[in-house]
Structures are given as structure tokens and as C-alpha cells.
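Q: Sequence and predicted structure below; questions after.
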Amino acid sequence: MVPVSPDVAHGKRLLTPPPVAQLREDPDQLIELACHGLATAAPEYSAWGVFVPWQRVTLIVLAIAALAGLLVAPAATCIVIIAVVTIAYAVALGYRFVLFRYGARGDRMVTVSDEEAHSVPDDQLPVYTVLVPVFHEPLLGELVERLEGLDYPRHLLDIRLLLEDDDDETVTAARSLAPREHLTVVRVPPMKPRTKPKACNYGFLAADSGMCTIFDAEDAPDPLQLRRAVVAMRRLGPQYACIQARLGFYNASQNLLTRWFTLDYGSWFGNMLSGLVSLGAPVPLGGTSNHFRSDVLRGVGAWDPWNVTEDADLGLRLHRAGYKVGVLDSTTLEEANSDGINWVRQRSRWYKGYIQTFLVHVRRPRLVAGQLGLRGVAGLLVFIAGTPLLSAFNGFFWALTAMWFTSRDPAVAALFPSAVYYLGMVCLVLGNLAVLYMGVFTARQMERPDLLGAALLMPLYWGLMWLAALKAVIQLVTKPSYWEKTAHGLDQQQTVDEQSAVEGAPDE
């Protein structure tokens, strides 16, 4: 591998990996590259270490200053902290609403009709690598059958099931799969970190293709999605490195949590991402159904195996390298998280990864400001860092609000001088109304009137977000690269339980 200086990275390339043929012949070099390639060639772009020295010193100084202020002038210090956080809340709410309104226009969503998708002759289509990382997934047969529904020439399709070598359950299931020329079972050596992006690197770097995408084990993609992505990328031009398809759920009506999750994703993939594209801000990619130009993906270092939201990080890295990301009007259905504890585990990993990503991309402030520009820096600060950190503060402000309404304690009122109080009221009233409006709008946009009730109950959903954000902040210090796997198949388990209950009812 030939390292490239981060200062040269603005010229689009971070590193040059060895040829694919060489990596196929040398699995030791391949796994080393998958685990440490980015950290070795461009360490300032890797989450291998959480904090660089100046960040650690800054946090310590701020903590000492806050503690000293609380000891010397507690009232004034609390007012300053609350004022800063309140201003941040107002900016973040305003920014998200602007993103939503820009995205709701729909003019940034790339639409490719069925006829256009089928119009490209097979001899003009690229080889397409489909990466499917799986872990403790015994139902591989069902997964493969869903992937067989992809409408793409089989001689140009390179599906790679990525299995951990010591995952006996999944390895055993893979042995029962019928052989297919376009399907490869890749056994990833059990080398730290044990993360999805490491497995994706291991599978991707040994693949020779023009385009690449990722699907999760429970995904049910639009059959024409690969063809649509090819047409869309050619339409957009070489400055675009990736196009993100939308994600939706096939079990949206399972319970209240899945309805909230559906609205959350509907707003995110239907409006927020398009809004970011409209504003020229970096687009934090989703973990699946993102379609890349393979040569560009190699050049920017592929996925960071030490970042637990490798997708969001990669979106930032592509933007810093001068590339753009588009949004594709094609949907992949997956399973909405229906269990509260499981949801908190998943969302806390996402939040932790957002903070990781922020810390990585502000290591050289002057360089990143030049690469991202003003709009990009605003997106990095307000959207990437602000989303988890402000969610973590919610519990504190809820507690203050509850104290005021129950006790009318003048000490609480003293923490909110007039300017801070009125700005806080704007956040409380207009901010909450704006969020409720976005939920209702999304339900209408999706033509899902059954989600209207869930949209009006969204404030309860924010309580789960607070728990996830709090856990993320704690884990960032204690387990920065720990990957909490999301349990899948809960929708099927509920169906089985319901059928068992019905079948067993007469005997009770």
C-alpha cells in the first residue's frame, strides 16, 4: 500500500491498495489491510484512537473550567452552560427543519423508471459486487433467495456472503447452500476489530468490480435497484461517488415502536438526506443499500473498521475528498426494530459512531474547513455532533422542567434569565410543534394514515433517544469500538408466538 498525505487527500485519493490479484493470493496481507489499512496510511482519518492529544487536552481544560466555575460562581456558571446548550438546541432545530423543507421538495431524489433501468444492454453494465455481512444468521437460504430476486445479469453479479470464520452456526448453514457461480462464501479471519466494516473491507478489497453495494441479512431490496443505480450514477456524472437508496420496513405495523421507527426512517431517507444534498452538506450514509463506484471506494480507504457507524464516516470522507453523494428513488425493505432494549442498543451504537465520526473529522480543523466549506462544517457540527449530544442533554432539561412545574422553585427560575427563557420557550413550543409537523407530514407523504397516531405520540419516542444517547456517551469512553449487534427476526418470532397462542387457545 502507498500512503497518501491527508493534505493531498483533497485531490481525491487517500491510499492505493495492492492489486486485487495480489490480495487474493495473500490472505494475511488482505486481513491486515482490512483491519489497519486506513489507520496505517491515513491515521487522521481513522477512529482507531478516539481522541488525538489536542482534543483530550481541550476536554480536560473545559471540564476543569466548568468544575472551577461551579465551585467559585455556581449560579453564573450554570446560566452560561444552559444558555450555550439552549442556543445549540435552537440552531439544531432550525437546521433540521430547513433540511426537511428542502428535502420535501423532492427535486434532489434521482428517479429511474423501470424502462430506463432495463434499457441498458448487458454488455454495457459493470460487474457488481454485493456485500452481505452476516453473523449468527442460520437462515441463509431465505437470505440467498431474496438476493436471487435481483434483476441483474448473473455473469456480472458477484454476491459475497461475509461470515466470521469462528461463527460455527452461520458457517454450518452456509455449507447447505446450493452452489451458484455468482455467489461466494467468504470466511473472514477472527481478527480484531470484530465489526461489520472490517468484514466488508475483507470482502470488497478482494473483489474486482465496477460497482459495489451492501445489503444486510434481513434486507429485501427492490429487484431493479442495481440497474437503477448504474443508470443514476451515469446520469449524475463522475463527481458522484455514491448513491444512497431509501430504506423502509416490512413490519411497520407490528407495534408502536416499529411505527415510530418507520416515521423516523421515512423522514430521514425521504427528506433529510435530500435536504443535505440540496445544501451541499456531507451526507451520512445508511448502513445498507448505498451504491459506490468501486475505484473511488478503494481510493478513499473503503470503510473504517474501527468506527461503529462506518457508513456515516464514509459519507464524510467522500465529501472531504471532493465527491458528492446522491439519493436514489428505490427502496430496500428491512426489519424495523420492535423491541425497546434492542432498539436502544442499535441507536446507541449509531450515536456513538456519530460522535466518533465528528471527533475524527475535526482533528485538523483548518484542513477540514477548507475541504468541507462553510455548509459542510455546519452539517458536521450541527447534524453529526449535535444529533447525539443534544439528545443526551434532553434528560437534564426534562428534569429542570419537571422541577419548575412541581415546585416553582425560584432557584430553577434563576437559571433562565429573560433572553435564555424566551429562547428556551421557542425551543419547547415551536421546536416540538415542528417535530410533530414533520412526523405528520411524513405519514402523509408516505400515504400511511395508520402512522398518524404514532406521529402525534413522537415525544415518547424521544425518551428512548435520550437513553440511547446517554449510553452512547458512556460507551464512547469505555468501549469505543465495541459493536453491539442488533438482533433480527423479532417480527417472525412475534408471528410464531401469536400463532402458537391462537393454536393453543382451545386447550387453555
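A: Structure's in. What do you need?
Q: residues touching the residue nearest the centre of the chain, list them.
A: Geometric centre of the chain, nearest residue: Gly286, 4.2 Å, by CA atoms, centre = their mean. Shown in contact with Gly286 (CB atoms under 8 Å, 6 or more residues apart in numbering): Gln244, Leu247, Phe269, Asp311. C-beta here means a position set from N, CA and C on the backbone, and glycine is covered the same way.
Q: excluding its backbone neighbours, what's nearest Leu457?
A: What sits nearest to Leu457 in space, not counting adjacent residues and going by CB to CB, 6 or more residues apart in numbering, is Leu256, at 7.1 Å.
Q: Kindly provide the distance from the one you found to Ser338.
A: Distance of Leu256 to Ser338, given as CB to CB, to the nearest Å: 9 Å.
Q: Tell me how many other residues crowd Leu163.
A: Per other CB atoms under 10 Å, the neighbour tally for Leu163 reads 24.
Q: Let me know the helix or strand that it is in.
A: Assigned by DSSP states H and E, Leu163 falls within strand 157-164.
Q: Listing partners with orientation, what would you give for that strand?
A: In its sheet, strand 157-164 lies beside strand 128-134 (parallel), strand 183-188 (parallel), with partners assigned from DSSP bridges.
Q: Distance to Trp462 added to those, as JSON lines?
A: Below are the strands paired with strand 157-164 laid out as JSON lines (distance: least, CB to CB, whole Å):
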{"stretch": "strand 128-134", "distance to Trp462": "31"}
{"stretch": "strand 183-188", "distance to Trp462": "37"}
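Q: May I see these organised as CSV, with mean pLDDT added?
A: Converted to CSV, these look like this (pLDDT from 0 to 100):
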stretch, mean pLDDT
strand 128-134, 96
strand 183-188, 95
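Q: if we can go back for a sec, report the rounded mean pLDDT for the strand holding Leu163.
A: Averaging pLDDT along strand 157-164 gives 96.
Q: And for stretch 486-493?
A: According to the model, stretch 486-493 has a mean pLDDT of 64.
Q: what residues are up against Leu415?
A: Contacts of Leu415 (CB under 8 Å, 6+ apart): Ala75, Cys78, Ile79, Ile82, Leu400.
Q: Do a quick rundown of the helices in the stretch 1-150 of the chain.
A: Assigned by DSSP state H, counting those that start in this stretch, the helices in the stretch 1-150 of the chain fall at 20-25, 27-41, 53-72, 74-104, 114-119, 140-147.
Q: Could you check how far stretch 453-466 is from the centre of its chain?
A: Relative to the centre of its chain, stretch 453-466 is centred 20 Å away, using CA atoms, centre = their mean, to the nearest Å.
Q: What average pLDDT does it get?
A: Rounded mean pLDDT across stretch 453-466 is 92.
Q: Output it as PDB, nothing but the C-alphas.
A: This file holds the C-alpha atoms of stretch 453-466, laid out as PDB (Å, rounded to 0.1, in the frame of the first residue of the first chain):
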ATOM      1  CA  GLY A 453     -51.400   8.400  15.800                       C
ATOM      2  CA  ALA A 454     -47.700   7.400  16.200                       C
ATOM      3  CA  ALA A 455     -46.600  10.700  14.800                       C
ATOM      4  CA  LEU A 456     -48.600  12.600  17.400                       C
ATOM      5  CA  LEU A 457     -47.000  10.400  20.200                       C
ATOM      6  CA  MET A 458     -43.500  11.100  19.000                       C
ATOM      7  CA  PRO A 459     -42.500  12.800  22.300                       C
ATOM      8  CA  LEU A 460     -42.500   9.400  23.900                       C
ATOM      9  CA  TYR A 461     -40.000   8.200  21.300                       C
ATOM     10  CA  TRP A 462     -37.600  11.000  22.300                       C
ATOM     11  CA  GLY A 463     -37.300   9.300  25.700                       C
ATOM     12  CA  LEU A 464     -35.800   6.200  24.100                       C
ATOM     13  CA  MET A 465     -33.500   8.500  22.100                       C
ATOM     14  CA  TRP A 466     -32.300  10.100  25.300                       C
END
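Q: What degree of burial does the residue nearest to Leu457 show, as a neighbour count?
A: Leu256: 14 surrounding residues under other CB under 10 Å.
Q: how close does it get to Thr332?
A: Leu256 sits at a distance of 23 Å from Thr332 (criterion: CB to CB).
Q: Okay, now the unreliable bits of the stretch 351-500 of the chain?
A: Scanning the stretch 351-500 of the chain with the threshold set as pLDDT under 70 gives 488-500.
Q: run the last query once more with 90
A: Applying pLDDT under 90 to the stretch 351-500 of the chain flags residues 374-375, 389-416, 421, 424-435, 459-460, 462, 476-500.
Q: Top of the contacts of Gly286 by number of neighbours, please.
A: Within the contacts of Gly286, most neighbours by other CB under 10 Å means Gln244, with 26 neighbours.
Q: SS state for that one?
A: strand (DSSP: H, G, I helix; E, B strand; the rest coil).
Q: List the residues that contact it.
A: Phe269, Leu273, Val283, Leu285, Gly286, Ser289, Asn290, His291, Val325, Gly326, Val327, Leu328.
Q: all strands for the chain, in order.
A: Using DSSP state E, the strands found in the chain span residues 2-3, 15-16, 109-110, 128-134, 157-164, 183-188, 211-214, 220-221, 240-249, 290-293, 324-334.
Q: Rounded mean pLDDT for the third one, please.
A: Confidence over strand 109-110 (mean pLDDT, whole number) is 94.
Q: what's the distance between that strand and the middle of its chain?
A: The chain centroid and the centroid of strand 109-110 are separated by 19 Å, computed with CA atoms, centre = their mean.
Q: what do you get for the second one?
A: Relative to its chain's centre, strand 15-16 lies at 25 Å (CA atoms, centre = their mean).
Q: can you check the last one too?
A: Using CA atoms, centre = their mean, the distance from the centre of strand 324-334 to the centre of the chain it belongs to is 13 Å.
Q: that older thread, looking at the helices of the stretch 1-150 of the chain, which is buried most?
A: Of all those, helix 27-41 carries the top mean neighbour count, a mean of 20, counting by mean count of other CB atoms under 10 Å.
Q: what does that helix rub up against?
A: Against helix 27-41 from outside (CB under 8 Å, 6+ apart): 1-4, 14-15, 17-18, 22-24, 45-46, 48, 188-189, 191-193, 198-199, 201-202, 205-206, 301-302, 304-306.
Q: angle of that helix against strand 183-188?
A: Angle of helix 27-41 versus strand 183-188, following axes from the mean of the first three to the mean of the last three CA atoms, to 10 degrees, is 70 degrees.
Q: pLDDT (mean, whole number) over helix 27-41?
A: Throughout helix 27-41, pLDDT has a mean value of 94.
Q: Equivalent analysis for stretch 285-305, please.
A: 95.
Q: What distance separates the opening and closing residues of that stretch?
A: The first and last residues of stretch 285-305 sit 15 Å apart, counting by CA to CA, to the nearest Å.
Q: mind listing what's buried in stretch 122-137?
A: By 16 or more other CB atoms under 10 Å, the buried positions in stretch 122-137 come out as Leu125, Val127, Tyr128, Thr129, Val130, Leu131, Val132, Pro133, Val134, Phe135, Glu137.
Q: May I have it as CSV, with CA atoms only?
A: The C-alpha coordinates for stretch 122-137 follow below in CSV (Å, rounded to 0.1, in the frame of the first residue of the first chain):
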residue,chain,number,x,y,z
ASP,A,122,-26.0,-6.2,-20.6
ASP,A,123,-22.7,-5.6,-22.3
GLN,A,124,-22.7,-2.0,-21.0
LEU,A,125,-23.3,-3.0,-17.4
PRO,A,126,-20.4,-3.2,-14.9
VAL,A,127,-19.5,-6.2,-12.7
TYR,A,128,-21.5,-5.5,-9.5
THR,A,129,-20.2,-6.7,-6.1
VAL,A,130,-22.9,-7.2,-3.5
LEU,A,131,-21.5,-7.5,0.1
VAL,A,132,-23.7,-9.2,2.7
PRO,A,133,-22.1,-9.3,6.1
VAL,A,134,-23.8,-12.0,8.3
PHE,A,135,-23.3,-13.0,11.9
HIS,A,136,-25.2,-15.7,13.8
GLU,A,137,-27.7,-15.9,10.9
